[in-house]
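Peer 1: The following comprises the amino acid sequence and a computationally predicted model.
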Amino acid sequence: MALTVNDISAVDGQNSIYANRAGSRKTTITPFSEVLKQQEKNLNASEAAKTAGVKENISTEKTSSQKAENISTGNIAETKGTTGTKNSDGTLTTTLADIFRRASEKYGVSYDFLTAVAKAESDFNPNCVSSAGAKGIMQIMPTEAKGLGIQDVFDAEQNIMGSAKLLAAHLKKFNGDTTLAAAAYNAGSGRVKQYGGVPPFKETQNYVKKIAAYMKEGVTVPDKTVTVSPNKLSGDVTKSQKKAAGTSYQSGTDGLNAVAATEDELNQSMVVVGSGDSAVKMTYGAYQRYLELGSLGVG
């Protein structure tokens with residue numbers, strides 16, 4: 001997060017090498033010990049200014065308690081490249097926690113938010129299947145998977161990366177508000193916009209409360225090793241996916257410049273809804289709007 005700090009003069013008129021008095025120029029010599037004291041003073045002042053700037057940026061129109069619950073804390077994970085062992089067949093042997101760290105880093109989504117959603121959705125079970133047909137750790141619908149670029153919905157790497165991409169899009173749409181992003185993940189962003197906040201559905205109301213509680217308490221990802229097949233969603237797993245300064249969500253910022261699904265990307269993918277004679281082919285963007293109208297639920 002870039003901070004603007006007012007310039008603090010290094011030396012004052014009394015200690016400057018050249019001081020103007022009554023229109024004449026007079027040369028003075030400043031003892032080295034005084035220069036050191038002045039530099040220490042300037043450093044302390046600069047740090048104080050930075051701290052003040054951070055505090056000012058954290059403030060929002062919401063109350064501090066609301067912001068603490070609803071706005072991403074910006075704890076984007078950082079890696080230095082491969083978190084695991086890359087195998088000769090292109091697979092990666094890694095841990096669930098490492099996948100979440102790389103997903104957080106690549107898509108600019110808070111690690112705490114990602115793991116809270118995973119806990120609520122599947123309790124970190126990569127083979128979980130809901131009654132509605134949602135699959136994997138963060139419960140992706142098969143038609144969602146195709147639109148997000150997930151080739152194997154039961155592959156923990158692809159599932160988590162795709163889910164992070166979807167959450168990043170929701171966060172961007174709702175200015176970093178994790179409560180609204182969670183509500184959109186559960187009920188669809190159209191419903192969130194329709195009601196001007198969390199929809200009045202018991203399931204969604206309970207869902208966002210659960211996410212907030214998990215984020216506050218902290219979630220421990222199971223110490224589980226998995227072998228996965230990274231695809232384009234992961235980027236190059238051998239290199240850091242760290243974004244440039246200002247591209248990830250931070251408290252008090254006005255948006256996210258992380259990778260997120262665009263309207264064009266959504267409309268480039270085709271999905272089939274239904275089966276047999278009732279099957280309908282549509283773009284993924286149209287399918288998303290279909291979901292948001294409430295015809296189908298999001299798992």
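Peer 2: Now that the structure is in, tell me what you want to look at. Residues are numbered from 1 along each chain as shown.

Peer 1: Poorly predicted segments of this protein, please.
Peer 2: 1-74, 242-299 (pLDDT under 70).

Peer 1: can you give me the strands for it?
Peer 2: Counting by DSSP state E, the chain has these strands, from start to end: 18-21, 24-27, 85-86, 92-95, 225-228, 270-273, 280-283.

Peer 1: May I have the strands that pair with the shortest one, each with its orientation?
Peer 2: Put plainly, it is strand 85-86. Here strand 85-86 is paired, per DSSP bridges, with strand 92-95 (antiparallel).

Peer 1: Go through the partner strand and flag the buried ones.
Peer 2: Residues Leu92, Thr94, Thr95 are the ones in strand 92-95 that count as buried (16 or more other CB atoms under 10 Å). From N, CA and C alone the C-beta is placed, and that goes for glycine too.

Peer 1: List just the nearest of the residues you listed to Thr79.
Peer 2: Using CB to CB, Thr94 is the member of the buried residues of strand 92-95 that sits closest to Thr79, with 10.8 Å.

Peer 1: That closest one against Lys86, yeah?
Peer 2: No. Applying CB atoms under 8 Å as the test, Thr94 and Lys86 come out as separate, 9.2 Å apart.

Peer 1: Turn the buried residues of strand 92-95 into a markdown table, columns for distance to Thr115.
Peer 2: Listed next are the buried residues of strand 92-95 as a markdown table, based on distance: CB to CB, whole Å:
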| residue | distance to Thr115 |
| --- | --- |
| Leu92 | 19 |
| Thr94 | 15 |
| Thr95 | 13 |
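
Peer 1: with these in mind, which one is nearest to Lys232?
Peer 2: Using CB to CB, those come closest to Lys232 at Leu92, 14.0 Å.

Peer 1: still on that earlier bit, ok, the buried residues of strand 92-95 vs Gly147, which is closest?
Peer 2: Leu92 (23.6 Å).

Peer 1: Just list the residues touching that closest one, thanks.
Peer 2: Thr82, Gly84, Thr85, Lys86, Glu157, Thr227, Val228, Ser229, Pro230, Val237 (CB atoms under 8 Å, 6 or more residues apart in numbering).

Peer 1: Give the ChimeraX command for selecting the buried subset of those residues.
Peer 2: Entered in ChimeraX, the line below selects the buried ones among those, by 16+ other CB under 10 Å:
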select :82,84,157,228,229,230,237
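
Peer 1: Could you dump the contacts of Leu92 into a markdown table with distance to Lys135 added?
Peer 2: Shown next, in a markdown table, are the contacts of Leu92 (distance: CB to CB, whole Å):
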| residue | distance to Lys135 |
| --- | --- |
| Thr82 | 27 |
| Gly84 | 23 |
| Thr85 | 26 |
| Lys86 | 26 |
| Glu157 | 14 |
| Thr227 | 18 |
| Val228 | 15 |
| Ser229 | 16 |
| Pro230 | 18 |
| Val237 | 23 |
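
Peer 1: Can you tell me which of the contacts of Leu92 is nearest Val192?
Peer 2: Of the contacts of Leu92, the one sitting nearest to Val192 (CB to CB) turns out to be Glu157, at 28.5 Å.

Peer 1: I'd like to know how far the closest one sits from Thr91.
Peer 2: Distance, Glu157 to Thr91, by CB to CB, to the nearest Å: 9 Å.

Peer 1: Show me whatever sits in contact with both of those two.
Peer 2: Joint contacts of Glu157 and Thr91 (CB under 8 Å, 6+ apart) are Val228, Ser229.

Peer 1: residues in contact with Gln158?
Peer 2: Contacts of Gln158 (CB under 8 Å, 6+ apart): Gly149, Ile150, Gln151, Asp152, Val228, Ser229, Pro230, Asn231, Leu233, Ser234.

Peer 1: Export only the CA atoms of stretch 185-203, formatted as CSV.
Peer 2: In CSV, the C-alpha atoms belonging to stretch 185-203 read as follows (Å, rounded to 0.1, in the frame of the first residue of the first chain):
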residue,chain,number,x,y,z
TYR,A,185,-20.4,-16.7,-3.5
ASN,A,186,-23.4,-18.3,-1.7
ALA,A,187,-26.4,-16.7,-3.4
GLY,A,188,-25.1,-14.9,-6.5
SER,A,189,-24.0,-11.3,-6.9
GLY,A,190,-27.3,-10.4,-8.6
ARG,A,191,-29.2,-11.2,-5.4
VAL,A,192,-26.8,-9.1,-3.4
LYS,A,193,-27.3,-6.1,-5.7
GLN,A,194,-31.1,-6.8,-5.7
TYR,A,195,-31.4,-6.4,-2.0
GLY,A,196,-28.6,-3.9,-1.5
GLY,A,197,-26.7,-6.1,0.8
VAL,A,198,-26.9,-9.6,2.2
PRO,A,199,-30.0,-11.3,0.8
PRO,A,200,-32.7,-12.1,3.4
PHE,A,201,-32.3,-15.8,3.0
LYS,A,202,-31.7,-17.8,6.2
GLU,A,203,-29.0,-19.9,4.5
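
Peer 1: Before I go, just wanted to say thanks for your time.
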